[in-house]
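Novice: Quick one, fold the following:
(one chain, ligands or ions: 1)
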Amino acid sequence: MDSAVPFYSLGEWSEKFPWILAGITYKGSATDPFDLRLEDQKSRDRMERIWQSAGFGGLVRIPQVHGTDLAVHDSDLAGLIVLEDSADGHATSGPGMLLAITVADCVPVYLLDSENRVVMLLHAGWRGVASGIINKGIELFSERWQSNLDDIYVHLGPAICGSCYEVGPEVFENLGLIPPAEPTPVNLRAILEEQVSNLGVREDRITISEHCTLCSGGDFFSHRKGDLGRQAALIGIRP
Ligand SMILES: [Zn+2]
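Specialist: Sure, this is the predicted structure:
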């Protein structure tokens with residue numbers, strides 16, 4: 001990756017699975033932060049720099065709506081693709097295309113089937129967590145690729161942490177938790193970890209980023225902090 005792209009590689013996976021590229025962009029420059037929120041020319045140029053410098057043939061974005069629809073890319077795509085239909089997750093077993101989701105506090109969920117060589121990326125805010133987007137992801141693995149649960153790896157990327165993310169009782173209710181009397185922090189990544197573990201993914205194959213987008217100084221965009229910008233989580237099978 002070009003050094004002009006502020007990017008944290010998902011180191012543990014990069015070593016274990018040299019056939020993928022996985023990680024997340026961050027703000028970088030204070031005066032010209034690496035914002036990928038919009039579909040404007042600047043953002044398109046940045047996306048292009050990402051896939052080109054990483055040696056990929058293209059990059060796919062999805063219009064995220066806090067839903068649970070997932071897209072699959074199995075054809076030979078190229079260049080910068082923005083799907084028309086909304087989706088909050090996507091997957092591919094084809095090499096050469098980077099999957100992207102944009103986040104600023106929501107959880108980027110990276111998934112991988114090490115045997116069938118499939119990668120998946122989900123966008124999980126509280127609505128996605130409440131509606132079981134991770135269940136949909138695991139279902140997609142088994143329906144589409146007949147994946148074995150023992151071959152599934154999950155990484156919960158940089159997101160707002162369980163100390164910073166204060167929400168109202170209605171969010172607790174939606175998440176199936178006992179609603180507190182007043183706004184209380186909730187840990188979305190802990191809930192996702194429990195969900196995916198209950199689905200049968202091996203606990204030693206679930207990892208969680210230590211970064212909080214708000215409090216841990218990782219130079220991330222944070223919606224709660226008042227940022228309008230978004231970083232992009234990325235995963236792809238190397239060409
Ligand atoms: Zn925090």
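Novice: near the ion, which residues of this structure show up?
Specialist: The chain comes close to the ion at residues 161, 164, 212, 214-215, as judged by C-beta under 5 Å from the ion. Placement of C-beta: from N, CA and C, glycine included.
Novice: Show me the helices in this protein, by range?
Specialist: 11-16, 41-53, 126-130, 133-145, 169-174, 188-198 (DSSP state H).
Novice: Tabulate those helices (CSV), appending mean pLDDT and mean neighbour count.
Specialist: Below are the helices of the chain laid out as CSV (pLDDT from 0 to 100; neighbours: other C-beta atoms under 10 Å):
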stretch, mean pLDDT, mean neighbour count
helix 11-16, 94, 13
helix 41-53, 94, 16
helix 126-130, 97, 21
helix 133-145, 98, 19
helix 169-174, 96, 15
helix 188-198, 98, 18
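Novice: need the contact list for Ile81.
Specialist: 58-61, 97 (C-beta atoms under 8 Å, 6 or more residues apart in numbering).
Novice: quick one: the spatially most central residue of the chain from the ion, how far?
Specialist: Note on the chain: the residue nearest the mean C-alpha position is Pro108, at 2.4 Å, using C-alpha atoms, centre = their mean. Pro108 is 16 Å from the ion, where distance means C-beta to the ion, to the nearest Å.
Novice: So in terms of bridging, what pairs with that residue?
Specialist: As for beta bridges, Pro108 partners with His123 under DSSP bridges.
Novice: burial measure for Arg162, as a count.
Specialist: Residue 162: Gly, not Arg. Gly162 has 14 neighbours, counted by other C-beta atoms under 10 Å.
Novice: From the centre of the chain, point out the most distant residue.
Specialist: Ala181 (31.4 Å).
Novice: In this structure that one contacts Gly168, no?
Specialist: No: between Ala181 and Gly168 there is no contact under C-beta atoms under 8 Å: 10.5 Å.
Novice: ok, back up a step: if we take the contacts of Ile81, which one ends up nearest to the ion?
Specialist: Arg61 (26.7 Å; C-beta to the ion).
Novice: list the contacts for that closest one?
Specialist: Applying C-beta under 8 Å, 6+ apart, the residues near Arg61 are 39, 47, 80-83, 100-102.
Novice: try 10 Å this time
Specialist: 36, 39, 43-44, 47, 80-83, 87, 90, 98-102, 232 (C-beta atoms under 10 Å, 6 or more residues apart in numbering).
Novice: Mind checking which of those land in strands?
Specialist: The strands, defined by DSSP state E, take in 80-82, 90, 98-102, 232 from the contacts of Arg61.
Novice: about what we covered before: can you redo the residues of the chain next to the ion as TSV with neighbour count?
Specialist: Below are the residues of the chain next to the ion laid out as TSV (neighbours: other C-beta atoms under 10 Å):
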residue	neighbour count
Cys161	22
Cys164	18
Cys212	21
Leu214	22
Cys215	14
